[in-house]
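Visitor: How does the following fold in three dimensions:
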Amino acid sequence: MRFKLLLVLLLLNTVLFAQRDRYIVSGPMIGHTELRSAKIWVEFKPEVRNIMVLYREKGTRTEKEVAFVYPGQNPYFNIAFYELNDLKPGTTYTYDLVSEDRQIIATGDVTTQSLWQWRNPAPDFSFITGSCAYFNEPPYDRPGRPYGGDSSIFQTMAKEKSAFMLWLGDNWYTREVDYYSEWGLHKRASRDRSMPVLQDLWKAMPHYAIWDDHDYGFNDGDMSYPFKKQSRDVFKSFWLNPSYGNSGDGVYSKFTWNDVDVFLLDDRSYRSNDDMADSVNGKPNAEKQMFGKEQITWLKNALLQSKTNANIRFRIIATGSQVLNPASPYDCFRRFPAEYND
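Guide: Numbers count the residues shown, from 1 in each chain. Prediction:
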């Protein structure tokens, strides 16, 4: 009997994988997850339309339906966002992506955050983080021995029982063929997102991200990058952060997980060129900035607001550049002394 059950499960999984490959380029990926809502990201193949999401509390049969949602932000690839609402805090839900002919093409679980405030101690949790995900594409890699190589670490990460994954920039690497092409910027993100070694990780936990130079544009990119707006559109299309900067500019944001506030800082949109003088007449050069006045003002206010919240005990500030390293001369916040001292 046990052998027959395993055989049935194996056949079901084989059929599900085959269905997925017919419809999906990458994903599903879990995005921003709150106490009563969660977001799901998927890139479908170009011809695919009208994929629904059915979701239910795990172990129950009562389902709710979410329609196919086009974000309207990607002119080149068939990307959809789904928002699961009216959820219960601290509860695991099973979701199915369902085709027009009612076939399940992918499935997964998502767990909402707990409502512990004023009721219980804050739940313990762990998260994983990383950056610099370089996937080789030989025609466009640098000659000689390129970056990249073994990416099996992502399979290990997918097996961790972590609350979320925090991507710290260079989450894909644009190449010379991408820098000045809107399509190229979108294509790089789409290609790298679709790597088979990543697919289990996307659905294993929620994902939050900030960028650095290589997923923003060219190496050491700054505020002068002529495709900064297009690059921001790519970021918004491929990540489901709670928000993206302010007034149509930047990608900085903030999210809360239990008793931790996480501040995501954009180190590229407002950045002065690294070779601008650090000091003028022996004083820090006020014109040289990494984060920019608007973002720094937002951060100061957001930290003060966080301080007034009695339920927040820890605060994490995340960005793509080195901040605390006093020795490295590369991408280091110390080279922006006016902001650093502020």
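
Visitor: in the stretch 201-342 of the chain, which spans are helices?
Guide: Here the stretch 201-342 of the chain has its helices, by DSSP state H, counting those that start in this stretch, at 213-216, 228-238, 293-307, 337-341.

Visitor: what mean pLDDT would you report for the first one?
Guide: With pLDDT averaged residue by residue, helix 213-216 scores 98.

Visitor: any chance you could read off phi and psi for the nearest residue in space to Val110 that is not next to it in sequence?
Guide: Distance criterion CB to CB, 6 or more residues apart in numbering; nearest residue to Val110, sequence neighbours excluded, is Ala38 at 4.7 Å. Any C-beta I mention is one placed from the backbone N, CA and C, and that applies to glycine too. With angles defined as degrees, to the nearest 10, Ala38 sits at phi -150, psi 150.

Visitor: Could you check how far Ala38 is from Ile105?
Guide: 19 Å (CB to CB, to the nearest Å).

Visitor: so Ala80 sits right up against Ile51, yeah?
Guide: Yes: using CB atoms under 8 Å, Ala80 is in contact with Ile51, at 6.9 Å.

Visitor: Provide the contact partners of the lengthiest strand in the chain at residue level.
Guide: In the chain, with assignment by DSSP state E, the single longest strand is strand 24-33. Outside strand 24-33, the residues that touch it by CB atoms under 8 Å, 6 or more residues apart in numbering are 38-45, 48, 77-78, 81, 95, 97, 105-106, 108, 110-113, 164, 190, 193-194, 198-199, 202-208, 239-242, 255.

Visitor: ranges for the strands of the stretch 51-200 of the chain?
Guide: Taking DSSP state E, counting those that start in this stretch as the test, the strands found in the stretch 51-200 of the chain are 52-57, 64-66, 78-84, 92-98, 104-111, 128-130, 165-167.

Visitor: could you dump those strands to JSON lines with mean neighbour count, distance to Ser321 and mean pLDDT?
Guide: Formatted as JSON lines, the strands of the stretch 51-200 of the chain follow (neighbours: other CB atoms under 10 Å; distance: least, CB to CB, whole Å; pLDDT from 0 to 100):
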{"stretch": "strand 52-57", "mean neighbour count": "18", "distance to Ser321": "37", "mean pLDDT": "96"}
{"stretch": "strand 64-66", "mean neighbour count": "14", "distance to Ser321": "37", "mean pLDDT": "85"}
{"stretch": "strand 78-84", "mean neighbour count": "20", "distance to Ser321": "28", "mean pLDDT": "95"}
{"stretch": "strand 92-98", "mean neighbour count": "19", "distance to Ser321": "36", "mean pLDDT": "97"}
{"stretch": "strand 104-111", "mean neighbour count": "18", "distance to Ser321": "32", "mean pLDDT": "98"}
{"stretch": "strand 128-130", "mean neighbour count": "15", "distance to Ser321": "15", "mean pLDDT": "97"}
{"stretch": "strand 165-167", "mean neighbour count": "23", "distance to Ser321": "14", "mean pLDDT": "98"}
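
Visitor: Out of those strands, which is closest to Ser306?
Guide: Nearest of the strands of the stretch 51-200 of the chain to Ser306, taken as CB to CB: strand 165-167 at 17.2 Å.

Visitor: What pairs with the closest one, parallel or antiparallel?
Guide: Strand pairing for strand 165-167, determined by DSSP bridges: strand 128-130 (parallel), strand 207-209 (parallel).
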